[in-house]
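Undergrad: need a 3D model of the sequence below.
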Amino acid sequence: FTNENLVDFILGFVIDSEKAFYADTTCGSGTFLIRIYDRLKYLSKKINHNQLLDRIWGFDIAKFPAELATINLFRQDISNFENFPRVRRTDIFKVNKGDEYDFPPPSANKAFKKIKIKLPVYDAIVGNFPFIKQELIEKEIKGYKLYLTKVLAQDYFISYPKLFITTNVSQSNIEHLKKLTTEQFKKEINRYVVKGFIELKLSGQADIYTYIFIHTASLLADKGQFAVITSNSWLDVAYGSVLKEFFLDNFKVKAIIGSWAEPWFEDAAVNTIVTILEKESNKSARDKNITKFVKLKKKFAELIPYQDLKLESIKRWQTIERLVDLIETSQDNSEILNTSENINSLNLDEMRIRLIKQSILLEEVRLNSELSKWSPYLKAPD
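TA: Model (predicted):
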């Protein structure tokens, strides 16, 4: 369960238009989906229940949570049954750009036939990605690592080959792959993976959220954003270098946020962070981006004092927007100090923000590879 204070804080970074499409790709019982619904109602007084449900998508591999998410979204306006929540029970690795899904049509009666709704290109993907080590899933589902390799090879072997180690794959093989139809390409790339000609650079210790990040990035629009909770392990571990380079090569890494005031999940044996990314194809724009490493110094109950989700909704969102703005405009704050070469720091009552140019982070990852560590930017004293 993800606390609504944390959820709303995350949504404040990326939910900014009632005309955009949003998804939680591991939605559970739907906390993020319900809070997106509330956020969009705050942003637009004209948007109705039917339009809201069309903008908010959820996916979960487990039946019971997916059904709960559907019910929880539907009951936001039980007087209006013109539409059906866009929640799918499916493995997110089976969801691909351009897919179509069957849903009940608006104003469905007892004799309705489902209609096909095409998966939108998402303007933001949010959520709390599961903390499950990939090797533990392999024990339950034999061949899962191979399956994930096939999925990511289908997604990225042509567009981002740096993710892979190849043997016996010539340039002429690659040119041949480019000419195949989608179905032919999938069959051929799967064959290469099974034969061991294509392997992922990710180690066997990579947590499942690493694969979810990389796969679901293909569902984002250009300038689309991630705002996701994960374990903080990728900041320092060996497999994290592959994920860091993937982020730095394809996104503006806008913010990495952690709390030293409270644990966000008291029953979880992992430390968690929030990662805010914006998809960016222009290398110059990525290099100029300033990444913010944010250490929250107060509990969310202090940062967001308005706890009634319905009666104090407007004040909540206004407070969150102020916090988000503090982070996003921190490079322009007059109190900013130069901590060391390439690192600036801003100490506020609510948080400490370290600011580092993305080009520096990329240089560091390429120089130090698996030894590159980002947690000191969050944890270390000045």
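Undergrad: show me the shaky parts of this structure.
TA: Residues of the chain meeting the criterion pLDDT under 70: 80-82, 106-110, 133-135, 266-270.
Undergrad: quick check: longest strand of it.
TA: Longest strand in the chain, counting residues (DSSP state E): strand 220-231.
Undergrad: quick check: next helix or strand after that one?
TA: Counting by DSSP states H and E, the element after strand 220-231 in chain order, helix or strand, is helix 240-250.
Undergrad: show me what the helix or strand following that following helix is in contact with.
TA: The element immediately downstream of helix 240-250 (helix or strand, assigned by DSSP H and E) is strand 251-259. For strand 251-259, contacts defined as Cβ atoms under 8 Å, 6 or more residues apart in numbering pick out 13, 217, 225-226, 232, 235, 247, 271-280, 285-286, 289, 291-296, 299, 327-328, 358, 361, 374, 377-378. For the C-beta atoms, the positions are set from N, CA and C on the backbone; glycine is no exception.
Undergrad: change it to 6 Å
TA: 247, 273-280, 286, 289, 291-296, 327, 358, 378 (Cβ atoms under 6 Å, 6 or more residues apart in numbering).
Undergrad: with stretch 35-51 instead?
TA: Identification of contacts with stretch 35-51 by Cβ under 6 Å, 6+ apart yields 7-8, 11, 15, 18, 22, 52, 56, 76-77, 80, 82-83, 317.
Undergrad: out of these, flag the one nearest to residue 196.
TA: Nearest to residue 196 out of the contacts of stretch 35-51 is residue 22 (Cβ to Cβ; 38.7 Å).
Undergrad: the strands in the stretch 1-150 of the chain, which residues?
TA: Ranges of strands in the stretch 1-150 of the chain, per DSSP state E, counting those that start in this stretch, are 22-24, 56-60, 86-89, 100-103, 115-118, 122-128.
Undergrad: given the second one, what are its sheet partners and their directions?
TA: It stands for strand 56-60. As defined by DSSP bridges, the strand partners of strand 56-60 come to strand 22-24 (parallel), strand 86-89 (parallel).
Undergrad: among these, which comes closest to residue 322?
TA: Ranking the strands paired with strand 56-60 by proximity to residue 322 (Cβ to Cβ) places strand 22-24 first, at 22.0 Å.
Undergrad: what subset of the contacts of strand 251-259 is buried?
TA: Neighbour-count burial (16 or more other Cβ atoms under 10 Å) is assigned, among the contacts of strand 251-259, to 247, 273-280, 286, 289, 291-296, 327, 358, 378.
Undergrad: re earlier: Serialize the strands of the stretch 1-150 of the chain to a markdown table and add fields for distance to residue 70 and mean neighbour count.
TA: Shown next, in a markdown table, are the strands of the stretch 1-150 of the chain (distance: least, Cβ to Cβ, whole Å; neighbours: other Cβ atoms under 10 Å):
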| stretch | distance to residue 70 | mean neighbour count |
| --- | --- | --- |
| strand 22-24 | 13 | 28 |
| strand 56-60 | 8 | 26 |
| strand 86-89 | 4 | 22 |
| strand 100-103 | 11 | 14 |
| strand 115-118 | 14 | 12 |
| strand 122-128 | 16 | 25 |
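Undergrad: need the ones you listed in JSON lines (columns: distance to residue 309).
TA: Converted to JSON lines, these look like this (distance: least, Cβ to Cβ, whole Å):
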{"stretch": "strand 22-24", "distance to residue 309": "18"}
{"stretch": "strand 56-60", "distance to residue 309": "17"}
{"stretch": "strand 86-89", "distance to residue 309": "21"}
{"stretch": "strand 100-103", "distance to residue 309": "27"}
{"stretch": "strand 115-118", "distance to residue 309": "29"}
{"stretch": "strand 122-128", "distance to residue 309": "17"}
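Undergrad: nearest to residue 2, out of those?
TA: strand 122-128 (4.8 Å).
Undergrad: what helices and strands are in contact with that closest one?
TA: Packing partners of strand 122-128 (3 or more Cβ pairs under 6 Å, 6 or more residues apart in numbering; DSSP states H and E): strand 22-24, strand 220-231.
Undergrad: point out the most buried one among those.
TA: Comparing the helices and strands packed on strand 122-128 by mean neighbour count (mean count of other Cβ atoms under 10 Å), strand 22-24 comes out on top with a mean of 28.
Undergrad: check contacts around the residue nearest the centre of the chain.
TA: Centroid-nearest residue in the chain: residue 226, 3.8 Å away (criterion: Cα atoms, centre = their mean). Applying Cβ under 6 Å, 6+ apart to residue 226 gives the contacts 125, 277.
Undergrad: quick check: it vs residue 209, distance?
TA: Between residue 226 and residue 209 the computed distance is 11 Å (Cβ to Cβ, to the nearest Å).
Undergrad: ok, now residue 221?
TA: Distance of residue 221 to residue 209, given as Cβ to Cβ: 21 Å.
Undergrad: for residue 231, same thing?
TA: Distance, residue 231 to residue 209, by Cβ to Cβ: 7 Å.
Undergrad: residue 296 against residue 351, yeah?
TA: Yes: Residue 296 lies in contact with residue 351 (Cβ atoms under 6 Å); the separation is 5.1 Å.
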